[in-house]
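Enquirer: quick check, what structure comes out for this input:
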Amino acid sequence: MKNIVIGSGPAGRLGSLELGKLGEDVTLIEKNHIAGTCLNEGCMVVCALTDITKFIDENNRFNKHGFIKSQLEISYDKIVEKITETQVKLRQLNQMENESVGNNVIYGEAKIEDNQVIVNNETFDWDNLLIATGARPFIPPVKGSEFGLTNKDILKLDDVPEKLNIIGGGIIACEIANIYATLGSEVNVIVRSTFLKELSENTKRYVLEKIIPNVNIMENTDVIEVFKDKVLTNDGQELEGVPFFATGRTPNSEIAEGFVELNPDKSIKVNEMMQTNVSNVYAAGDVTGGYQLTPVARMEGITAARNMAKYGNKVSYNCIPQTLSLNTEVSFVKNEKTNLGEDEKATIAIPGIAGPGAFWKILEGNTGYTEIEFDKNKNKINKINSISPSSTSDVAYLSYLMRMDYDLDDYSEFLEIHPSTDTNYKIIKNLWL
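Expert: Numbering: from 1, shown residues only. Prediction:
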């Protein structure tokens, strides 16, 4: 059967790869660069910059301790140059990977007309279609918003801004604030409601006091006008600095309007098989709304592909691990299927320990923090917030055990590798105190 995949971000790329592995005929169509927002404008760019800020943070710490004396000179244009070189290599690898299973990769903007896909004036028929066109930054209707930067502009900057005003209070806003504050910018984060609602209060406090202490957080504040070098707020403040919007994302669903059913927020409506209201048309990734996460997009793309190839598969969103890429990682997960009352849950909180990358933070009392909520009646973990250099792997591992519905007693058999999973060890041992 002929399968067309529109969009080569995590959902489309992994979906087309899965179809190719299953022996299906696949044409993958990409408008710009293969690998989508993640590699080219999003999380991979953030991670690359955060690798540098972690190094700066460690260098500053070692200088403070007095056993290394060094002064760093940062070249932002060279950083951008090397990120761009790496992206080119990864794009080549991603294309080779798809072509290695027999897939045809085409570059150009696709349109859907009369149940056909048109790209570069060429018409393609299909038996199954997967729409994985992703999302783009949402820009609120603020006067002067055309002056605001977004994640799409990070690699277009000539240098580190002297002052930066980040508008938004979620994960992206926090990550961008951490990067540019570490690189030397004076950073304001202007939040309409509450900063980092995803985290527990104690975890958020640690982030503010220990990880981004030099960032000025302004909660319950609206931006009413944006200029090239300043913003105006609803409480009369005039804040100098480059404006940067981190106010969410909106789906690139225009290609599907009038063709398949959309949700009220214009995302494509799908069922648990990633199938639209048109039986042989599927959608996956950010264009369907929901979790705006690369691993979730991959999962959705693979689920769609298997159903397109007639291997029945359903997607599940329970216990999705997430992280903030900061100088020390902050990871969290919760069981979305439970809603515990106060008498049903218990919480333990433990400070970080000398695990991976934490030894030289002990002198500052800055080794991390972990908070776990569990169901007292069912003896199961319900929620985790963890700050440590190994939290990304720790929480991913623990989220799997949560999805598998393990009891707390089952965790007792865990044997750690010192020091890389010491945080897991301490979490698990504390559950029985």
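Enquirer: and the contacts of stretch 229-243?
Expert: Here stretch 229-243 makes contact (Cβ atoms under 8 Å, 6 or more residues apart in numbering) with 147-149, 161-165, 167, 185-188, 190, 218, 221-228. Backbone N, C-alpha and C define where each C-beta goes, glycine included.
Enquirer: repeat that with 10 Å
Expert: 142-145, 147-149, 153, 157, 161-167, 180, 185-188, 190, 192, 216, 218, 220-228, 244 (Cβ atoms under 10 Å, 6 or more residues apart in numbering).
Enquirer: of those, select the buried ones using a ChimeraX command.
Expert: The following ChimeraX line selects those of the contacts of stretch 229-243 that are buried, judged by 16 or more other Cβ atoms under 10 Å:
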select :142,144,145,147,148,149,161,164,165,166,167,180,185,186,187,188,190,218,221,223,225,226,244
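Enquirer: which members of the contacts of stretch 229-243 occur in helices, if any?
Expert: residue 180 (DSSP state H).
Enquirer: OK, contacts around residue 167?
Expert: Residues in contact with residue 167 (Cβ under 10 Å, 6+ apart) are 139-140, 142, 145, 148, 173, 188-192, 221-223, 226, 231, 233, 243-247.
Enquirer: if we go to 6 Å?
Expert: Shown in contact with residue 167 (Cβ atoms under 6 Å, 6 or more residues apart in numbering): 190, 223, 245, 247.
Enquirer: and residue 9, by the same measure?
Expert: So residue 9 contacts 36, 37, 134, 285 (Cβ under 6 Å, 6+ apart).
Enquirer: put together JSON lines for the contacts of residue 167, with distance to residue 375 on each row.
Expert: Output for the contacts of residue 167, formatted as JSON lines (distance: Cβ to Cβ, whole Å):
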{"residue": "190", "distance to residue 375": "38"}
{"residue": "223", "distance to residue 375": "41"}
{"residue": "245", "distance to residue 375": "39"}
{"residue": "247", "distance to residue 375": "35"}
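Enquirer: which ones among those are found in strands?
Expert: 190, 223, 245 (DSSP state E).
Enquirer: quick check, central residue of the chain?
Expert: Closest residue to the average C-alpha location of the chain: residue 293 at 4.7 Å, with Cα atoms, centre = their mean.
Enquirer: distance check, it against residue 299.
Expert: 9 Å (Cβ to Cβ, to the nearest Å).
Enquirer: what residues sit buried inside stretch 358-370?
Expert: Under the neighbour-count criterion of 16+ other Cβ under 10 Å, stretch 358-370 has 358, 360, 361, 366, 367, 368, 369, 370 buried.
Enquirer: count of neighbours near the residue lying closest to the fifth one once chain neighbours are set aside?
Expert: Distances taken as Cβ to Cβ, 6 or more residues apart in numbering put residue 352 closest to residue 367, at 3.5 Å, once the chain neighbours are dropped. With neighbours defined by other Cβ atoms under 10 Å, the count for residue 352 comes to 26.
Enquirer: start the count at 771 instead of 1 going forward.
Expert: With the count now opening at 771, the last piece we talked about shows up as residue 1122.
Enquirer: contacting residues for residue 1122?
Expert: Residues near residue 1122 by Cβ under 6 Å, 6+ apart: 1128, 1137, 1138, 1139, 1158.
Enquirer: likewise for residue 970?
Expert: Residue 970 makes contact with 1141, 1155 under the criterion Cβ under 6 Å, 6+ apart.
Enquirer: measure it to residue 904 for me?
Expert: Here the criterion is Cβ to Cβ. By it, residue 970 lies 30 Å from residue 904.
Enquirer: average pLDDT for stretch 787-797, rounded please.
Expert: For stretch 787-797, the mean pLDDT works out to 98.
Enquirer: for that stretch, how far is the first residue from the last?
Expert: With Cα to Cα, to the nearest Å as the measure, the ends of stretch 787-797 fall 10 Å from one another.
Enquirer: quick one: residues in contact with it.
Expert: Contacts with stretch 787-797, where a contact means Cβ under 6 Å, 6+ apart, come from 772, 773, 774, 786, 868, 871, 872, 873, 874, 1072, 1075, 1079.
Enquirer: for residue 998, which non-adjacent residue is closest in space?
Expert: Sequence neighbours aside, residue 917 is the residue nearest to residue 998 in space, at 4.6 Å (criterion: Cβ to Cβ, 6+ apart).
Enquirer: kindly report the same for residue 1146.
Expert: That would be residue 1116: by Cβ to Cβ, 6+ apart, it lies 5.1 Å from residue 1146.
Enquirer: could I have the CA atoms of the helix or strand hosting that neighbour written out in PDB?
Expert: Using DSSP states H and E, residue 1116 maps to strand 1115-1121. Below are the C-alpha coordinates for strand 1115-1121, written out as PDB (Å, rounded to 0.1, in the frame of the first residue of the first chain):
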ATOM      1  CA  LYS A1115      -1.600  10.400  50.000                       C
ATOM      2  CA  ALA A1116       1.700  10.900  51.800                       C
ATOM      3  CA  THR A1117       4.700  12.900  50.600                       C
ATOM      4  CA  ILE A1118       8.400  12.400  51.400                       C
ATOM      5  CA  ALA A1119      11.000  15.000  50.500                       C
ATOM      6  CA  ILE A1120      14.700  14.400  50.600                       C
ATOM      7  CA  PRO A1121      17.700  16.600  49.800                       C
END
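Enquirer: helices and strands around that strand, which ones?
Expert: Counting contacts by 3 or more Cβ pairs under 6 Å, 6 or more residues apart in numbering; DSSP states H and E, strand 1115-1121 is packed against strand 1139-1145.
Enquirer: which neighbours does the strand it packs on have in its sheet, and in what orientation?
Expert: strand 1115-1121 (antiparallel), strand 1150-1157 (antiparallel) (DSSP bridges).
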